[in-house]
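> test case, fold it:
(chains A and B)
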Amino acid sequence: MTTDALARPVRVRTAPLRRISSQSGLNTAAGHLLMVLLSIFCLFPVYWMLVSSFRPANAMFETSLWPTQGSLENYTTAIDAIPIARMLLNTLVFSAVSTVFQLLTGILAAFAFARWKFPFDKLVYTGVALTWLVPFQVVMIPNYLLVAHMGLLDSILALILPNIAAALAIMLLAQAMRGFPKEVIEAARMDGASNWRILWEVLVPNLRGTIASLAILIFISTWNEYFWPLLLSRTAENSVIQIGIQMFMTAEGNAWGPLMAASTLASLPVLVIYVVLQRQVVQSFMKSGIR
Amino acid sequence: MADVTITNVKKTYDGKPVLHGIDVTLPDGHFVVIVGPSGCGKSTLLRMIAGLEDITSGEIAIGGTVMNDIEPADRGCAMVFQNYALYPHMTVRQNIAYPLRLAKLPVAEREERVAQAARILNLTDYLDRRPAQLSGGQRQRVAMGRAIVREPEVFLFDEPLSNLDALLRVQMRIEIKRLHKRLNATSIFVTHDQVEAMTLADTLIVMNAGRVEQIGSPAEIYRRPASVFVAGFMGSPAMNLLPATVGADGEVVLDGIAGDIIAQSSLRTGTPLTIGIRPESITLATQPGKGLPVTIDLVEELGGSRVAYYNLSGSELAVVLPPGDEGLEGKTVWLSFPTEALQAFDRVTGKRLDTAFATSVKRAAPLNAEAVRV
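Below you'll find the model as predicted:
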């Protein structure tokens, strides 16, 4: 048999494979291209905010993709104009405390809904789910009157109070708990674990992925909250960063430079937290995949 | 160690009865296997003993103490689940030690018991791994470890071998039996696999449709099944069950095969019967002579033995072939039913009829019936 004869069948076999692989390669490339375009579409405003925050006032409306003359002027103006550190701290406290409480109340309520049978349990659950559908504008005035009566206007506590429990957290966690293997919980009962221990020592450690994703969701949505703080805040010291940013938008015109600088500062903590927690989320998902 | 007494235990789900009054006493130290088809209520009964399921009515006592309202952890039972039910976020060591930690045992004792359990179950090298890093058999051993460290009075096994492959299942079966001999605690094992049931049990409980069909030793249940259900359920291949009628003078005639008198009985003429005979009890001749001529339809090779099947007037009949009989497929053979191996069941109630059979005088003549083909 000649070398050619040996090589021929190999060629015949690999040709269709190559066609398939080049086809799938094209598909992958097209997919990647789409992702790149989408990423540019999503990231460009963030990039533009960052770039604009370093442009001096006279170059604010330049269209070049990067600043021709970098300046920290906008940052100093923003820091002088509003108590930005205080506002960031307020926002952090508001977001963090709201997240912790929503998770806590969510975990406890979800456990009750997922694990216990009690009279009208389904009705109560439906009631909780329905509150999720009620728009904020509907409950805004009652909530405002309530905190006003409590004498809490212009305080962080007033911002936090209506956010300490949320239907979304309860529903998501209840769903995750219902999906957790019943036998593991029964094994814990046989081992002598109380409901409290089953919740904190068995369920919660195994729902870290869900809890981490939920924490990110709650934190970001609270961080971005604008309307509720706008209603309650009276002074810049007791306000949150979103209100601070809005202060650069006046009837006389918008101070774009400091606004972009303040927006950049407002975004940084969220970005950092998101990146840190996202890694945990991905890890948890991977772990659950191995099981 | 403790005996388990179940008195008139019933269970209903949304008004639908699942268990219809179970009365059983499971002796102290016995290995009791509850066997039955899916949905017969065996797991429900086990879960009621464990305390994981409420008892609708009746009483369950362990070691003389009524347990109806006692929490699962306080019943002195440990359970091994079908899906292992290990804590995924804990290591093997933490999994096994968890019940001891909850019982607030001193750390030193905890560690000693975990080490001992790990030694018994060959888990010493895996103590720092998580369940996800273990094979199915290792996971099941961890589940058993978690049960044995508690030193329970009663072990409960809920189909623990169902998720394992065939080879591992046999290994684990032997390990469980060895463990029982070593610990000598009352063990209640639920399975739908009758080989598991036969090999493991000291006492076997056969359940069907929420009722206990028969309680006894595996040999007793195999040899003298109390009902058509038990006869058909226990044994592989299953007992042959053939419809028959008691003719004139107590002659037992297989339905659909005119004139074939297989035995003489003392039963009333006209009684509708189901005749049972184990596949290994039927004798087979390859030369024409006495017996029922049949053409073998299919031969199943099992390695150590072979099973021949054919359709006898609509009933599937199985015969374990004697060694050496090769190439019988498609051939005509002559079958005899030794009277001492015949079992009779009431065709209406399905219950066993205790009657002795004798060889029919008329039966002695060679049969003229043609070979029965499928």
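> going by C-alpha atoms from here, please, whenever you check contacts or count neighbours.
Will do.
> quick one, what contacts A:M35?
The contact partners of A:M35, by CA atoms under 8 Å, 6 or more residues apart in numbering or on different chains, come to none.
> so how far is A:C42 from it?
Here the distance between A:M35 and A:C42 works out to 10 Å (CA to CA, to the nearest Å).
> and the strands in chain A?
A:249-250, A:253-254 (DSSP state E).
> touching the last one from outside, list them.
For strand A:253-254, the external contacting residues (CA under 8 Å, 6+ apart) are A:F248.
> to B:I296, which of the strands of chain A lies closest?
Each of the strands of chain A has some distance to B:I296 by CA to CA; the shortest is strand A:249-250, at 95.3 Å.
> and the helices in chain A, which stretches?
Read by DSSP state H, chain A holds these helices, from start to end of the chain: A:3-53, A:73-81, A:84-115, A:121-133, A:136-149, A:156-160, A:167-178, A:182-191, A:195-197, A:204-206, A:208-223, A:227-232, A:241-246, A:256-290.
> and if you look at chain B?
According to DSSP H, the helices that chain B contains are B:42-50, B:92-102, B:107-120, B:136-148, B:166-183, B:194-200, B:218-223, B:228-233.
> quick one, which of those is nearest to A:S213?
Comparing these by CA to CA, helix B:92-102 comes nearest, at 26.9 Å.
> now that closest one: average pLDDT?
Here the mean pLDDT over helix B:92-102 is 96, rounded to a whole number.
> just the angle for it relative to helix B:136-148, thanks.
20 degrees (axes from the mean of the first three to the mean of the last three CA atoms, to 10 degrees).
> list the contacts for B:V206?
Contacts of B:V206 were listed using CA under 8 Å, 6+ apart, and they are B:I34, B:V35, B:G36, B:V212, B:E213, B:Q214, B:I215, B:V230.
> er, A:I160 actually
When contacts are counted by CA under 8 Å, 6+ apart, A:I160 is found next to A:F94, A:V97, A:S98.
> which residues touch stretch A:91-105?
With contact meaning CA under 8 Å, 6+ apart, stretch A:91-105 is reached by A:156-157, A:159-160, A:163-166, A:169-170, A:211, A:214-215, A:218-220, A:222-223, A:239-241.
> mind running it again at 6 Å?
If you take CA atoms under 6 Å, 6 or more residues apart in numbering or on different chains as the criterion, stretch A:91-105 is touched by A:I160, A:N163, A:I164, A:A165, A:I218, A:F219, A:T222, A:W223, A:V240.
> tell me how far the third one lies from A:V184.
If I follow you right, that is A:I164. The span separating A:I164 from A:V184 equals 30 Å under the rule CA to CA.
> before we move on, what about the fourth one?
For A:A165, the distance to A:V184 (CA to CA) stands at 28 Å.
> picking up where we left off before, of the helices of chain B, which shows the lowest average pLDDT?
Confidence, taken as mean pLDDT, is least for helix B:166-183 of these (a mean of 88).
> closest to the centroid, which residue in the chain?
Going with chain A. A:L217 (3.3 Å; CA atoms, centre = their mean).
> coming back round to it: so A:I164 and A:V184 - more neighbours on which side?
For A:I164 and A:V184, the more surrounded residue by other CA atoms under 10 Å in any protein chain shown is A:V184, and the numbers stand at 20 against 17.
> for the closest residue to the more buried one other than its chain neighbours, grab phi and psi.
Closest residue to A:V184 apart from its sequence neighbours, by CA to CA, 6 or more residues apart in numbering or on different chains: B:A85 at 4.4 Å. Torsion angles at B:A85 (phi, psi; degrees, to the nearest 10) stand at phi 50, psi 40.
> B:A85 reaches A:E186, doesn't it?
No - under the criterion of CA atoms under 6 Å, B:A85 makes no contact with A:E186, lying 8.2 Å away.
> what about stretch B:253-263, distance to the chain center?
In terms of CA atoms, centre = their mean, to the nearest Å, the centre of stretch B:253-263 is found 32 Å from the chain centre.
> buried residues of that stretch, list them for me.
Buried residues in stretch B:253-263, counted by 16 or more other CA atoms under 10 Å in any protein chain shown: B:V253, B:L254, B:D255, B:D260, B:I261, B:I262, B:A263.
> right, and the pair among those residues with maximum separation?
With distances taken as CA to CA, the most widely separated pair in the buried residues of stretch B:253-263 is B:D255 and B:A263, at 13.3 Å.
> spit out the contact partners of the most centrally placed residue in chain B.
By CA atoms, centre = their mean, the mean C-alpha position of chain B lies nearest to B:Q194, the distance being 3.4 Å. Residues near B:Q194 by CA under 6 Å, 6+ apart: B:M234.
> please report how far it lies from chain A.
Per CA to the nearest CA, to the nearest Å, B:Q194 is found 24 Å from chain A.
> cool, and B:S162?
Noted for B:S162: a distance of 15 Å to chain A, by CA to the nearest CA.
> burial measure for that residue, as a count.
B:S162 has 14 nearby residues by other CA under 10 Å.
> again with A:W256
Look at A:W256: counted by other CA under 10 Å, it has 19 neighbours.
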